[in-house]
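**Student:** build the 3D model from these lines:
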Amino acid sequence: MTEFATKLSESLQPISDQFKSFNVPAPVTHWGHPFFMAIVIFAMGSFVAISGWRGRTATDTEVATKNKADHRKVAPLMTTFLAAGYTGGLLSLVMQGKPLLESPHFITGSVVLTLLAINGTISLTGFGGNQSFLRNTHAYLGSAIVVLLVAHALLGLKLGLSI
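**Tutor:** Predicted coordinates for the structure are as follows:
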């Protein structure tokens, strides 16, 4: 993994150098990624989870339909922002001269993106023709992802305080 991390760091260095040329203050470089990702995780993540569960459990058809539509609109955006933030986190570490791919925060972030890809694929297949098993899998996997995102945020805070 070290050789891959070194090559990745080297490939990100030119982009990092571009950002460094903007003379961004060190606290922004250090805490910008966690700040913006906290917004995505806690604001968008909770909205996506709540609207998804309300869409499943609401007895009023209109409420259920609205929440399902909201979930469908925001979940892909949240996933996109998390993927962009993943890259931003790597760039932040390169800009600070810190090692890549070594922390539990990196591992949880990688697992989150993998699980989001799986969950999105389940949804994009139309739940395999509206199979209740896949609908349930999507709902519970999504909830597990939200819990993992909270753990990820805590690991990120620990990492941020240690470097």
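
**Student:** can you give me the strands in this structure?
**Tutor:** Using DSSP state E, no strands are assigned anywhere in the chain.

**Student:** what are the ranges of the helices in it?
**Tutor:** Taking DSSP state H as the criterion, the chain carries its helices at 2-20, 26-39, 45-57, 61-95, 104-124, 126-130, 132-162.

**Student:** quick check: buried residues in the fourth one?
**Tutor:** Think helix 61-95. Using 16 or more other Cβ atoms under 10 Å as the test for burial, helix 61-95 gives 67-68, 70-71, 74-75, 78-79, 81-82, 85-86, 88-95. In this view, the C-beta of every residue, glycine as well, is placed from N, C-alpha and C.

**Student:** same question, the third one
**Tutor:** Residues of helix 45-57 classed as buried: 45, 48-49, 51-52, 54-55 (neighbour count, 16+ other Cβ under 10 Å).

**Student:** same check on the shortest one?
**Tutor:** For helix 126-130, burial by neighbour count (16+ other Cβ under 10 Å) applies to residue 127.

**Student:** for residue 39, see how far away residue 83 is.
**Tutor:** Distance from residue 83 to residue 39, counting by Cβ to Cβ, to the nearest Å: 15 Å.

**Student:** per-residue confidence at residue 1?
**Tutor:** For residue 1, the pLDDT comes out at 58.

**Student:** and if you look at the one 10 residues further on?
**Tutor:** Per-residue confidence (pLDDT) for residue 11: 95.
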